[in-house]
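J.: I would like to see how this sequence folds:
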Amino acid sequence: MRAITSENGTLDLHDLPDPVPGAGEVLIEVAAAGVNNADLQQAAGNYPPPPGASDVLGLEVSGTVRALGDGVEGFAVGDRVCALLSGGGYAALVVAPETQVLPVPEGIDLVEAAGLPEAACTVYSNVGMLAGLRPGQTLLVHGGTGGMGSHAVLWAKALGATVIATSGGERKVQASRELGADLVVDHRSEDFVARALEFTGGRGVDVVLDVVGPDYLARNIEVLAPNGHVAVIASGSGRTGELDLGAMMRKRATISATTLRARPLDEKAAIVEAVRYNVWPFVADGRVRPVVDSVLPLAEAAEAHRRVRDGEVVGKVLLTP
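T.: Reported below is the predicted structural model:
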């Protein structure tokens, strides 16, 4: 099979042996793979795959079941599926644990479905499971047109929450509005704390989904409502920052910071099952959809990474074998 690996910062297309599904695994003929910031970090040498994972890049795919390992009962050869991976997605074939595979609902394009698993599992595990966002509450999404942010806006609106999104520049601000955000703040020219507090009548927001990290820590606490939660899923401004515990205690605030890739298989299985129960019905009825910026052939993986790195995409960039 053809697959992309990375060495010394370059993306190389190779012919590799076809993977064989083991017990409890599903072999998927890949229709498309999603490109994530984690892939860029791995290619730069900053995010090695966890022990036992494939060196091939790619944390999510869509495709068709081609073969089943022993003990697999929930899928059949020929099924349309998408999957959350620890690696291996930038390829023509990939194996995934059955517990990390989801059916692609009718009406969802099979290629575009590659943009769903990583975003759905990351957003729901943080905003739904950890932060406990409920209908009627308010979610602030930083990076409201990114791969994670665009999904968060759609899912939270389908849930019945109010959504505030930050985006940079008129094109992205308009894209966030079209996704359904109730308030969009242009972070290049506006103060999201002031705009969000005004919008909520001074109360603040119940949950913040953050991809910025240290530079936003103080302001994320400032914009929280009492008993609010900040969920950090990326740290674009660095690894360390100062946290005002007094401000957190006054608001009874909580903060979490997570990654998905290195979690134990049983934790990933629980997240995928929760996504299937709580998010997939919205995908099936069309309220949550893949948001795709562009689709490129696997041989143009370097260009796909450049587009994501430049930060001008709306939604996901996908690669097709």
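
J.: not counting its neighbours along the chain, what's nearest the residue positioned nearest the centre of the chain?
T.: Geometric centre of the chain, nearest residue: A119, 2.3 Å, by Cα atoms, centre = their mean. Nearest-residue entry for A119: H151, 3.8 Å, with adjacent residues in sequence omitted and distances by Cβ to Cβ, 6 or more residues apart in numbering. Every residue, glycine included, has its C-beta placed from N, CA and C.

J.: got the phi and psi for that neighbour?
T.: phi -70, psi -40 (degrees, to the nearest 10).

J.: I'd guessed it sits against E118; true?
T.: No - using Cβ atoms under 8 Å as the test, H151 is too far from E118 to be in contact (9.1 Å).

J.: those strands in the stretch 101-250 of the chain, which residues are they?
T.: 101-103, 138-142, 162-167, 183-186, 205-210, 224-232 (DSSP state E, counting those that start in this stretch).

J.: hmm, back to that, quick one, what contacts the residue nearest to A119?
T.: By Cβ atoms under 8 Å, 6 or more residues apart in numbering, the contact list for H151 reads L116, A119, A120, V123, V288, V291.

J.: ok, now A161?
T.: L133, R134, P135, G136, Q137, T138, L139.

J.: any chance of TSV for these, columns pLDDT and neighbour count?
T.: Formatted as TSV, the contacts of A161 follow (pLDDT from 0 to 100; neighbours: other Cβ atoms under 10 Å):
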residue	pLDDT	neighbour count
L133	98	26
R134	98	12
P135	98	10
G136	98	10
Q137	98	18
T138	98	24
L139	98	27
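
J.: let me know the closest of those residues to T254.
T.: Nearest to T254 out of those is L133 (Cβ to Cβ; 13.0 Å).

J.: quick check: the closest one vs N278, distance?
T.: With distances taken as Cβ to Cβ, to the nearest Å, L133 is found 11 Å from N278.

J.: name the spans of the stretch 151-300 of the chain whose pLDDT lies under the cut-off.
T.: The stretch 151-300 of the chain contains no residues with pLDDT under 70.

J.: A301 in helix, strand or coil?
T.: helix (DSSP: H, G, I helix; E, B strand; the rest coil).

J.: how many other residues sit next to it?
T.: For A301, the count of nearby residues is 24 (other Cβ atoms under 10 Å).

J.: what's the closest of the contacts of A161 to L265?
T.: Looking across those and measuring by Cβ to Cβ, the closest to L265 is L133, at 25.9 Å.

J.: that closest one and A158 touch, don't they?
T.: No - between L133 and A158 there is no contact under Cβ under 8 Å: 11.6 Å.

J.: my guess is V35 meets G315, correct?
T.: No - V35 lies out of contact with G315 (Cβ under 8 Å); the separation is 10.8 Å.

J.: neighbour count: the two, which is higher?
T.: Under the criterion of other Cβ under 10 Å, the comparison of V35 against G315 puts V35 first, with 31 against 22.

J.: re the thing from before, just send the strands of the stretch 101-250 of the chain back as CSV, with distance to R2 too.
T.: Shown next, in CSV, are these (distance: least, Cβ to Cβ, whole Å):
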stretch, distance to R2
strand 101-103, 22
strand 138-142, 36
strand 162-167, 36
strand 183-186, 40
strand 205-210, 35
strand 224-232, 36
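
J.: what residues sit buried inside stretch 238-257?
T.: M248, K251, A253, I255 (16 or more other Cβ atoms under 10 Å).
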